[in-house]
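> Build me a model from this:
(one chain, ligands or ions: 1)
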Amino acid sequence: MNEYVDLLAIAAHRDDVELTCGGTLAKAANAGHRVGIIDLTQGEMGTRGDAATRAAEAARAARTLGVTIRLNAAMRDAHLENTEASRTQLVELVRRTKPRVVILPFPVGRHPDHRVASELGRDACYLAGLAKYEPGTGGEAHRPFKLLFALAYREDPVKPTFVVDISDVFETKMQAIRCYGSQFDGAKAAGEVFPTGQDLYELIRLQSAHYGSLIRRPYGEPFYTAETQQVDDVLQLGVQSI
Ligand SMILES: [Zn+2]
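The predicted structure is shown next:
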């Protein structure tokens, strides 16, 4: 069986994609699309839990979300770099999985790895489409059609281009996040989620409810695209204005 996917999420650390776009991944899997995840590091620098524990947790979370394939690039946690070597390695993984749509971290972030992962992911997606770029690397050239930047928890003055309604899969998202017990049980913050004193799981629910409210739905996940979205029939547009 090949490793091709329709939708691929790339992020720095195990648990990043569950936090920012787990609902969107579960929803796509439920709809019958093949979904993949590439974690760039093994999370060995995390304060809690070791890499082996996090590997087992990540595998459980992937099963929970209905993800077909989860790969790990084993780059250095907290030392992520956008270099010739890391680009070539990620180009190989993009060519192996041949996604049509890729979800990347937002280019601005609290953790340096998140910012680097965004740029590295974008560059690798472009370079993977150049036939003469490392032609021996993991199969034929492939350039993903669309890049989505996950905007969850960001406070930058960037309006989401769209919000995915994750109301029907919100409990699945939470179940996937709860797979990371070594990281999150009793935690008050994670990744780009700043502490407010509340339980982390409650914080994620509140944030998801906020994004849902932007599209008048219970729960949502926000995304940004650099390009403008096309509309064919304005009568089909959702989200009430007034
Ligand atoms: Zn992270």
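> CA only for contacts and neighbour counts going forward, please
Fine.
> residues contacting R143?
If you count contacts by C-alpha atoms under 8 Å, 6 or more residues apart in numbering, R143 has them with K98, R100, C125, Y126, L127, A128, G129, L130.
> Show the pLDDT at the residue nearest to it when sequence neighbours are not counted.
Excluding the flanking residues, the one nearest R143 by C-alpha to C-alpha, 6 or more residues apart in numbering is G129, at 4.1 Å. G129 is assigned 96 on the pLDDT scale.
> hang on, isn't G129 packed against H142?
Yes: with contact defined as C-alpha atoms under 8 Å, G129 reaches H142; the gap is 4.4 Å.
> Next, count neighbours for P112.
For P112, the count of nearby residues is 14 (other C-alpha atoms under 10 Å).
> so who does it touch?
A78, L80.
> Give me the helix or strand of this structure that scores worst on average pLDDT.
Lowest by mean pLDDT, DSSP states H and E among the helices and strands of the chain is helix 181-184, with a mean of 88.
> Which other helices and strands does the helix or strand following that helix contact?
Using DSSP states H and E, the helix or strand that directly follows helix 181-184 along the chain is helix 200-213. Contact here means 3 or more C-alpha pairs under 8 Å, 6 or more residues apart in numbering; DSSP states H and E; on that basis helix 200-213 packs against strand 162-165, strand 220-224.
> The shortest one - what's its average pLDDT?
Yep, that's strand 162-165 we're talking about. Strand 162-165 shows an average pLDDT of 98 in the prediction.
> buried ones in the following helix or strand past it?
With elements assigned by DSSP H and E, the helix or strand that comes after strand 162-165 is helix 170-178. Counting neighbours by 16 or more other C-alpha atoms under 10 Å, one finds that the buried residues in helix 170-178 are F170, T172, K173, M174, Q175, A176, I177, R178.
> angle of helix 170-178 against strand 220-224?
Angle between the axes of helix 170-178 and strand 220-224 is 80 degrees (criterion: axes from the mean of the first three to the mean of the last three C-alpha atoms, to 10 degrees).
> List the contacts of helix 170-178.
For helix 170-178, with C-alpha under 8 Å, 6+ apart as the criterion, the contacting residues are 15, 18-19, 22-23, 26, 60-62, 64-65, 184-185, 201, 219.
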